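Participant: test case, fold it:
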Amino acid sequence: MKSNLKVAGQLQRKRIVKQLQRQLRHWDPDRQCKVHSWMREKQCQYDKYGRVIRLHLCECNLTQIPSEVWQFSSLKNLYLTNNQLRTLPEQVSRLSSLQWLDLENNQLNSLPEQVRNLRDLQVLDLANNQLSSLPGEIGNLSSLDSLYLGDNQLSTLPEQMENLRNLQFLHLSNNQLNTLPAKIDNLASLQSLALDNNQFSSLPGQVWNLRNLQFLALGNNQLNSLPAEIGNLSELSSLHLRNSHFSSLPRQVWNLSKLRHLGLTLNQLSSLPAEIGNLSELQWLDLSNNQFSSLPAEISNLSSLRWLNLSNNQFSSLPKEISNLSSLQWLNLGDNLSQTLEAELIAHGFSSN
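Facilitator: Numbers count the residues shown, from 1 in each chain. Here you go, the predicted structure:
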């Protein structure tokens, strides 16, 4: 009897999949989402019991999610990128086993409060939509480790987000934010925080308590300075401060000994301190579009540096310290004061490209 029920269940699920394929051909007559080759391209995957666990419905010209999807109660991964979805229906709560939900590049303007039932969800990608707010229920997603909200219209975040204790990646680039939840430091597992291209004039002090942070992007805001507390972020390996109007940086930046990427383009910096030599793990340094005319001798201590951009500054000659950067593979000195820099580059063994 059990065997018969199992076979009947598998047949029913296959009928639903076939019905969904027919639906998609109606939505997408050009077959951009490849429903004709689902199994070969792994657009639809089953577990050993014949249950649908992964479904790719990307680039299918969908304006709504087919109702058949909500019958796949064992679904773990659902990909709906590059469609024209305006709403996520409340039926999403039926997918209680969902671990990955990708809705990037749609036209969503809201989320239903029923998202609170997705307790197993680990990755939620809502980037490049039209969201202006989030429901407080998003704070119930206790398993969430990655939340992508870039390129929306968010001006505030719900305080309940501070409950996402397992969150490691929070990307909020290209929104209209000027504040963060008061207890943002509750997100103690956070490793990557992207806040660039928003409207921050300052950041709450709690940000500097995120001691596991490895990636921080703050560029293109209205910040005029950084506090000394940035030195608390001792695990930081990537710091991006593009177009921040900084004329100086706190000395604590130069004590971030694990930094590998440092982006300072489009600021008003004119000098670097000798302490830059402390950044022995630095591999990528962008100093372009500033007011530098010289470099400290200690830059030669950057033995791991592979990529260096010094373009659009005020260098009149090639800094002699450059020749000591034994790992350097790419150097840009374009648009400086001297016309002889290209020849100097070649003389020092660098390509002029």
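Participant: mind listing the strands for the stretch 1-150 of the chain?
Facilitator: Taking DSSP state E, counting those that start in this stretch as the test, the strands found in the stretch 1-150 of the chain are 44-46, 52-56, 77-79, 100-102, 123-125, 146-148.
Participant: ah, wrong one, I meant the stretch 151-300 of the chain
Facilitator: Using DSSP E, counting those that start in this stretch, the strands of the stretch 151-300 of the chain run over 169-171, 192-194, 215-217, 238-240, 261-263, 284-286.
Participant: turn the ones you listed into a markdown table, columns for mean neighbour count and distance to residue 312.
Facilitator: Placement of C-beta: from N, CA and C, glycine included. Converted to a markdown table, the strands of the stretch 151-300 of the chain look like this (neighbours: other C-beta atoms under 10 Å; distance: least, C-beta to C-beta, whole Å):
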| stretch | mean neighbour count | distance to residue 312 |
| --- | --- | --- |
| strand 169-171 | 21 | 28 |
| strand 192-194 | 20 | 25 |
| strand 215-217 | 20 | 21 |
| strand 238-240 | 20 | 18 |
| strand 261-263 | 21 | 14 |
| strand 284-286 | 20 | 11 |
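Participant: make JSON lines out of those and add distance to residue 308.
Facilitator: Converted to JSON lines, the strands of the stretch 151-300 of the chain look like this (distance: least, C-beta to C-beta, whole Å):
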{"stretch": "strand 169-171", "distance to residue 308": "27"}
{"stretch": "strand 192-194", "distance to residue 308": "24"}
{"stretch": "strand 215-217", "distance to residue 308": "20"}
{"stretch": "strand 238-240", "distance to residue 308": "16"}
{"stretch": "strand 261-263", "distance to residue 308": "11"}
{"stretch": "strand 284-286", "distance to residue 308": "5"}
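Participant: among those, which is nearest residue 84?
Facilitator: strand 169-171 (22.7 Å; C-beta to C-beta).
Participant: which other helices and strands does the closest one contact?
Facilitator: strand 146-148, strand 192-194 (3 or more C-beta pairs under 8 Å, 6 or more residues apart in numbering; DSSP states H and E).
Participant: parallel or antiparallel, which strands does it pair with?
Facilitator: Using DSSP bridges, strand 169-171 pairs in its sheet with strand 146-148 (parallel), strand 192-194 (parallel).
Participant: dump the strands of the stretch 1-150 of the chain into a markdown table; add mean pLDDT as well.
Facilitator: Converted to a markdown table, the strands of the stretch 1-150 of the chain look like this (pLDDT from 0 to 100):
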| stretch | mean pLDDT |
| --- | --- |
| strand 44-46 | 86 |
| strand 52-56 | 93 |
| strand 77-79 | 97 |
| strand 100-102 | 98 |
| strand 123-125 | 99 |
| strand 146-148 | 99 |
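Participant: can I get those in TSV including mean neighbour count and distance to residue 199?
Facilitator: Listed next are the strands of the stretch 1-150 of the chain as TSV, based on neighbours: other C-beta under 10 Å; distance: least, C-beta to C-beta, whole Å:
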stretch	mean neighbour count	distance to residue 199
strand 44-46	17	42
strand 52-56	20	36
strand 77-79	18	32
strand 100-102	20	27
strand 123-125	20	23
strand 146-148	20	20
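Participant: export these to a markdown table and tack on distance to residue 320?
Facilitator: Listed next are the strands of the stretch 1-150 of the chain as a markdown table, based on distance: least, C-beta to C-beta, whole Å:
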| stretch | distance to residue 320 |
| --- | --- |
| strand 44-46 | 59 |
| strand 52-56 | 55 |
| strand 77-79 | 53 |
| strand 100-102 | 50 |
| strand 123-125 | 47 |
| strand 146-148 | 44 |
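Participant: out of the strands of the stretch 151-300 of the chain, which gets nearest to residue 81?
Facilitator: strand 169-171 (15.2 Å).
Participant: which residues touch that closest one?
Facilitator: For strand 169-171, contacts defined as C-beta atoms under 8 Å, 6 or more residues apart in numbering pick out 127, 145-150, 187, 190-194.
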